Every structure is written in C-alpha cells, then in structure tokens.
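Visitor: Kindly return the folded structure for what I paste below:
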Amino acid sequence: MRLWHEELIHLLPKNQLLGQHRECCALRGNGWKKKHKTVDYVFSYSPYHLFVYHLLVMEEMEKRGYNVAAEWKDKNYRGKTAEKYDNLEEEITGSPIYKEHNSEYLAECIENLEKKGIHLKV
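Guide: Prediction:
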C-alpha cells in the first residue's frame, strides 16, 4: 500500500491510478488506523487530509473518463461497511497535503515506478 506523491497523480498509468483509488477507499473505510509501514504517516493527520488527497485521485480519474461513485466525494463517507463520520471537520491543507510527500519521497516514488517498468516524464 502506498500513496503516490501528489505531483505524480496526473502522470500515473491506468492501473496505478485505479489502484490508488482503491487504496484511498480502503484507508478511508475500515482500514483507517490499521498499521502499514508505508502509509502509517497518514494516521497522524486528520482523516480530512486523506479525503482531500482522494479528491485529487478522483478528479484525475474523471478527467480520463472513469466514473467515480458520488458517495466518495462526501467527506463523511467511509464505504459501505464503515460508519460514516458525523461531520468530519474540514481543515486547511497545504501543498503537499502530507509533509512526508517531499522531494525525497517524490524520488522514491519515481524509482518505485521505474522498477515496475513505468517511466514517467516528470
């Protein structure tokens, strides 16, 4: 499980983009606070940050012609089996949304993709 650096979202191939959507859905739902070394940092932020990141992924999906279930655009929605938030507090998020998504992380993500045979023009 990995959240790609947000600067790469618009460059991700179809499989990685759709996989990112699934991972965001899982993390927003019952996966919230379930330890995973690659994404543990997201749990030190409000779930609202993940919602904002997920919006970037969904916007890119729609630009490419994919349909996104409208429920996921609700900040309180957490999937079919997880209890909705009562009223998730909105927070101002910067860019990057996660401070961990720095230049070193960007290079790490690019290297990870290259190992998979995916060469992006960044």
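Visitor: Which positions in the longest helix belonging to the chain come out as buried?
Guide: Selection of the longest helix in the chain by residue count, based on DSSP state H, yields helix 47-63. Of the residues in helix 47-63, those buried by neighbour count under the rule 16 or more other C-beta atoms under 10 Å are 47-55, 57-58, 60-61. In short, each C-beta sits where N, CA and C put it, glycine included.
Visitor: what helices or strands is it leaning on?
Guide: Contacts defined by 3 or more C-beta pairs under 8 Å, 6 or more residues apart in numbering; DSSP states H and E place helix 47-63 against helix 14-28.
Visitor: between the helix it packs on and helix 47-63, how many degrees?
Guide: Computed by axes from the mean of the first three to the mean of the last three C-alpha atoms, to 10 degrees, the angle separating helix 14-28 from helix 47-63 equals 150 degrees.
Visitor: Packing partners of helix 14-28?
Guide: Counting by 3+ C-beta pairs under 8 Å, 6+ apart, helix 14-28 packs on helix 47-63.
Visitor: Need the contact partners of stretch 58-74.
Guide: 9-10, 12, 14, 17-18, 21, 25, 28, 54-55, 77 (C-beta atoms under 8 Å, 6 or more residues apart in numbering).
Visitor: how about 6 Å then?
Guide: Under the contact criterion C-beta atoms under 6 Å, 6 or more residues apart in numbering, stretch 58-74 has outside partners 9-10, 77.
Visitor: Tell me the one of those nearest Leu106?
Guide: Nearest to Leu106 out of those is Ile9 (C-beta to C-beta; 11.8 Å).
Visitor: What about the closest one? Give its phi and psi, please.
Guide: Main-chain torsions, Ile9, degrees, to the nearest 10: phi -50, psi -50.
Visitor: Provide the count of other residues in contact range of it.
Guide: Per other C-beta atoms under 10 Å, the neighbour tally for Ile9 reads 18.
Visitor: Secondary structure element holding Ala107?
Guide: If you go by DSSP states H and E, Ala107 is part of helix 103-115.
Visitor: Could I get the buried residue list for that helix?
Guide: Neighbour counts over helix 103-115 (16+ other C-beta under 10 Å) mark 105-106, 109-110, 113 as buried.
Visitor: Alright, I will stop here.
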